[in-house]
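[1] Mind looking at a prediction? Sequence and model below.
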Amino acid sequence: MNTSTDDMIEVPLYRAAHGRTGDKGDRSNISVIAWHADLYPLLAEQLTPERVSMQFRHRAPARVQRFLLPRLHAMNFVLDAVLDGGVNDALNLDAHGKALSFLLLDMPIRVPRALAPLLTGP
């Protein structure tokens with residue numbers, strides 16, 4: 001993306017996408033779906049496994065994998081060892097990790113001003 005810094009705005013990811021979380025054992029599965037197809041390329045560029053791992057550093061994921069689904073304008077992240085052992089072992093209030101999508105959707109992304117009309121919310 002060849003855009004000068006003046007032409008970019010920083011917004012939380014939830015303005016450009018929505019998400020859903022699932023779990024299997026100690027593994028969290030988080031989908032991110034662009035609100036608009038034109039936002040998907042910048043999400044694919046910025047939502048790298050490394051950045052997602054940093055967003056969840058307090059949970060110390062053993063591994064973060066990303067699976068791109070361009071025809072759906074979506075991607076799926078699989079985070080290993082982030083649920084304190086899984087639903088049967090975790091002592092936290094969110095043993096299934098359902099709130100983890102909100103943590104990801106709070107991550108800041110940079111969007112060209114020209115795409116700002118495609119964003120949701122304030």
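    Yep, that arrived. Numbering: from 1, shown residues only.
[2] following the lowest-mean-pLDDT helix or strand in the chain, which helix or strand comes up?
    One helix or strand of the chain scores below all others by mean pLDDT, DSSP states H and E: strand 17-24, with a mean of 88. Using DSSP states H and E, the helix or strand that follows strand 17-24 in sequence is strand 27-34.
[3] ok and the least confident helix or strand of the chain relative to strand 27-34, angle-wise?
    160 degrees (axes from the mean of the first three to the mean of the last three Cα atoms, to 10 degrees).
[4] List the neighbouring strands of strand 17-24 plus their orientation.
    Partners of strand 17-24 in the sheet, by DSSP bridges, are strand 27-34 (antiparallel).
[5] Beyond the partner strand, next helix or strand please.
    Next helix or strand after strand 27-34 toward the C-terminus (DSSP H and E): helix 40-46.
[6] what comes into contact with that following helix?
    1, 13, 16-17, 32, 34, 68, 70, 73-75, 109-112, 115 (Cβ atoms under 8 Å, 6 or more residues apart in numbering). C-beta here means a position set from N, CA and C on the backbone, and glycine is covered the same way.
[7] in it, what's buried?
    Tyr40, Leu42, Leu43, Ala44, Gln46 (16 or more other Cβ atoms under 10 Å).
[8] which residue packs closest to the spatially most central residue of the chain, ignoring adjacent ones?
    Nearest residue to the geometric centre of the chain (Cα atoms, centre = their mean): Leu104, 4.2 Å. Excluding its sequence neighbours, the residue lying closest to Leu104 (Cβ to Cβ, 6 or more residues apart in numbering) is Ile30, at 5.5 Å.
[9] Could you report the neighbour count for the one you found?
    Number of residues near Ile30 (other Cβ atoms under 10 Å) recorded here: 25.
[10] All set now, cheers.
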